[in-house]
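Enquirer: I would like to see how this sequence folds:
(chains A and B, ligands or ions: 2)
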Amino acid sequence: MPDSVMQNSFHLDAVPIRLERCGKTFAGGARALEPLDLTIRGGETIVFLGPSGCGKTTTLRIIAGLESPDAGGRVLFGEEDVTALPIERRNVGMVFQSYALFPNMTVTENVAYGLKVRKIARADRARRVEEMLDLMHLGEFAGRRIDQLSGGQRQRVALARALVVRPRVLLLDEPLTALDAKLRDSLRLEIDRLLRGLGITAVYVTHDQGEAMALGDRIVVMAKGRVAQVGTPREIYYQPADGFVADFIGTMNRLGGVSRGGTLSIGSATLPWTGPDGRVELLVRPEDLALAGEADGHLDGTVAAAVFLGDRTRLVVEPADGPALTVDAAGRSELGRGDRVWLRVDPARLLAVP
Amino acid sequence: MAMQNLSNRRGWGFWLQLGFTLLVCALLTVPMVMSMLAGLTANYFVGLKSGLTLRWVDEVLRVYSGTILLSLQIAFACLASTLLLGVPAAYALARRPGRFARLVEEMLMMPVAIPGLATALALIVTYGGVGDLRSSWLFILIGHVLFTLPFMVRAVLAVMGSIDLTTLEEGAASLGAGFPRRFFTVVLPNCRSGILAGSLMVLTLSVGEFNLTWLLHTPLTKTLPVGLADSYASLRIEIGSAYTLVFFLMIVPSLILMQGLAKRGRPSV
Ligand SMILES: Nc1ncnc2c1ncn2[C@@H]1O[C@H](COP(=O)(O)OP(=O)(O)O)[C@@H](O)[C@H]1O
Ligand SMILES: [Mg+2]
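Expert: Numbering: from 1, shown residues only, chains lettered A, B, ... in the order given. Ligands and ions are numbered 1, 2, ... in the order given. Next comes the predicted model:
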């Protein structure tokens, strides 16, 4: 990617966005979004992540101006209150899952559309379109019709079309969901480089946690119209706010334990622990459980399944009581179904979740 | 030998069907061809032996040019009206997918189901006394618009339903386009095939419309089909036939275009 081009003419303003008490109740009384407060920093890429139907698109459309929040809600771009402005007057760039490219126009005409609307002079327009097509590696497709492009090419045209007008904010609603897995990875990398290079404020909606972790400066995890947690990918991964977030992001094991007088009993082991006395539900990532010998192990169980993944072998271990645990062993591990194993737990890595 | 194989493979059912289809086609086309040929023969009762001539066609064009021009005038005025009324109506119906919209859609089909004569009578009873409307060609135009509008709406609606119009418009709006620009640069161009199909349908129907027009016309506002009926009733058969020929030549091009459109199908999105 030509860095000079990106830094010189395509560095965009970094406008912060603030949502104040933005809720959404659709006609018919369905509450799609509980009132939400959120500040998105200028230049930040924020990802809305959650299962289908949790209100991600609704939130994005409120930011875009395609839906208005319920009474009392406000949307601010920088200092400007844009709540009452329709989308065409907000100067946002939008990328849709279904591309929404104009089938009656060529690639060039699609990309030039926003510039024409803004009455940019022909020569200037042509130059900016060409620059943008080069940036998105679309130069050779300039004269094609949209139905002559692959899915990945279409989504790159959609990005080019949204960015060429230098929007204040870039909004992307599941832009990779319609693509096949391999294309998804390469386009995700391209989007990542683009967003970092442009310095634009971007809001990205997805139900794919891998995409969210890779792209987001911060992730907003949503569930049933509510924000479950806002944080960096690391915070979300290592300090999930609740069981829902923990289960939604990555793989999480659950352990039952009993806390009593500064110690924690798990299986046959007793570990140092601070917390109120009583039964506790503990969460631990597979990579924080280690295979151990009989002497230094805390828990024992039987291998129920072993999946060879090359660099590692993923084991599902069934302890004497409690739910099955997922653990990673070395790739060359010979462990298989029915083998008895011992696991060690690092108490510093255990999470007690309300 | 090959023939034997073919008929064995196809079975007698195929040949029966083919024969039946050809018979129906012949039933439909033979009278038309005969009629048009009659318009070119010097004397119908003597037959083709009397020789071919353009004399009758010439006479029709001389005597009936008024009806031909009026028919074209009404057809194009009708097209303009149905475009102005029908395309926005289809757009409104397409953008509001509710029970009310479906109801309106059904109601738009009503004039097709009601016999033309009944519609014409209703028009005369209701508007016959308004100014000079009864003796104006505009009276016929109103009838034709009522009759053809649903065809325009249906054709445009079919295409609008097959593309994701809402998202296309949202895309345009996100790029700063207000409603008028979105409508003319995105909505209309992407519905072009439906608008074209509807237009050809309206032209064809209007040029050939007889039921309504026969009741609505006055001696000074005779359209081609009405003139045709008159000429068959009162003049030499050759003139009526030549008239049919002229009528046919006017309508066939648009019929062929319509077929072509249908074959090309909807635009891929
Ligand atoms: N236009 C609408 N009318 C009524 N309900 C809607 C509308 N759009 C979305 N919803 C509902 O609001 C909820 C949230 O939808 P959405 O924001 O699209 O979820 P997500 O993008 O996270 O999958 C869903 O239950 C959905 O059915
Ligand atoms: Mg969605």
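Enquirer: Helices of the stretch 51-200 of chain A, residue ranges please.
Expert: A:56-64, A:107-117, A:122-135, A:151-163, A:181-198 (DSSP state H, counting those that start in this stretch).
Enquirer: in what helix or strand does whatever residue of chain B ends up closest to ligand 1 lie?
Expert: When scored by Cβ to the nearest ligand atom, chain B has B:Thr166 as its residue closest to ligand 1, at 10.2 Å. Using the backbone N, CA and C atoms, a C-beta is placed for each residue, glycine as well. Assessed by DSSP states H and E, B:Thr166 sits inside helix B:165-174.
Enquirer: What lies in contact with the helix or strand following that helix?
Expert: Heading C-terminal from helix B:165-174, the first helix or strand you meet, by DSSP H and E, is helix B:179-182. If you take Cβ atoms under 8 Å, 6 or more residues apart in numbering or on different chains as the criterion, helix B:179-182 is touched by A:Val117, B:Glu169, B:Ala172, B:Ala173.
Enquirer: do stretch B:238-247 as well
Expert: Residues external to stretch B:238-247 that are found in contact with it (Cβ under 8 Å, 6+ apart): B:32, B:35-41, B:43-44, B:56-57, B:59-61, B:64, B:68, B:207-208, B:224-225, B:227-228, B:231-232.
Enquirer: do the same with stretch B:250-265
Expert: B:68, B:71-72, B:193, B:196-197, B:200-201, B:203-204, B:207-208, B:224.
Enquirer: Format these as a markdown table; extra columns: secondary structure and neighbour count.
Expert: Output for the contacts of stretch B:250-265, formatted as a markdown table (DSSP: H, G, I helix; E, B strand; the rest coil; neighbours: other Cβ atoms under 10 Å in any protein chain shown):
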| residue | secondary structure | neighbour count |
| --- | --- | --- |
| B:Ile68 | helix | 19 |
| B:Ser71 | helix | 25 |
| B:Leu72 | helix | 16 |
| B:Ser193 | helix | 19 |
| B:Leu196 | helix | 16 |
| B:Ala197 | helix | 22 |
| B:Leu200 | helix | 22 |
| B:Met201 | helix | 21 |
| B:Leu203 | helix | 23 |
| B:Thr204 | helix | 21 |
| B:Val207 | helix | 22 |
| B:Gly208 | helix | 17 |
| B:Leu224 | helix | 27 |
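Enquirer: What pLDDT does the model give B:Thr119?
Expert: Note for B:Thr119: predicted pLDDT of 82.
Enquirer: got the contact list for it?
Expert: B:Thr119 is in contact with B:Pro111, B:Gly143, B:Leu146, B:Phe147, B:Leu212, counting by Cβ under 8 Å, 6+ apart.
Enquirer: in what helix or strand does the residue of chain A most remote from its centre lie?
Expert: Relative to the centre of chain A, and counting by Cα atoms, centre = their mean, the farthest-placed residue is A:Ala295 at 41.8 Å. Counting by DSSP H and E, there is no helix or strand that carries A:Ala295.
Enquirer: A:Met252 versus that one, what's the distance?
Expert: In this view, A:Ala295 and A:Met252 are 28 Å apart by Cβ to Cβ, to the nearest Å.
Enquirer: Residue numbers of the stretch 51-200 of chain A in contact with chain B?
Expert: Residues of the stretch 51-200 of chain A lying near chain B by Cβ under 8 Å from any Cβ of the partner chain: A:64, A:66, A:86-89, A:91-94, A:96, A:98, A:100-104, A:113-114, A:117-118, A:147, A:161-162, A:165, A:171.
Enquirer: how far out from the middle of the chain is the helix-or-strand element of chain B with minimal mean pLDDT?
Expert: When the helices and strands of chain B are scored by mean pLDDT, DSSP states H and E, helix B:110-113 comes last with a mean of 72. When distances are taken as Cα atoms, centre = their mean, to the nearest Å, helix B:110-113 is centred 15 Å away from the chain's centroid.
Enquirer: Switch the contacts of helix B:179-182 over to CSV; also include distance to A:Gly261.
Expert: Listed next are the contacts of helix B:179-182 as CSV, based on distance: Cβ to Cβ, whole Å:
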residue, distance to A:Gly261
A:Val117, 70
B:Glu169, 66
B:Ala172, 67
B:Ala173, 64
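Enquirer: Go ahead and build a ChimeraX selection from the buried members of these.
Expert: Here is the ChimeraX command that selects the buried residues among the contacts of helix B:179-182 (16 or more other Cβ atoms under 10 Å in any protein chain shown):
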select /A:117 /B:169,172,173
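Enquirer: for the contacts of helix B:179-182, which one is nearest B:Ala89?
Expert: The shortest approach to B:Ala89 among those belongs to B:Glu169, at 17.2 Å (Cβ to Cβ).
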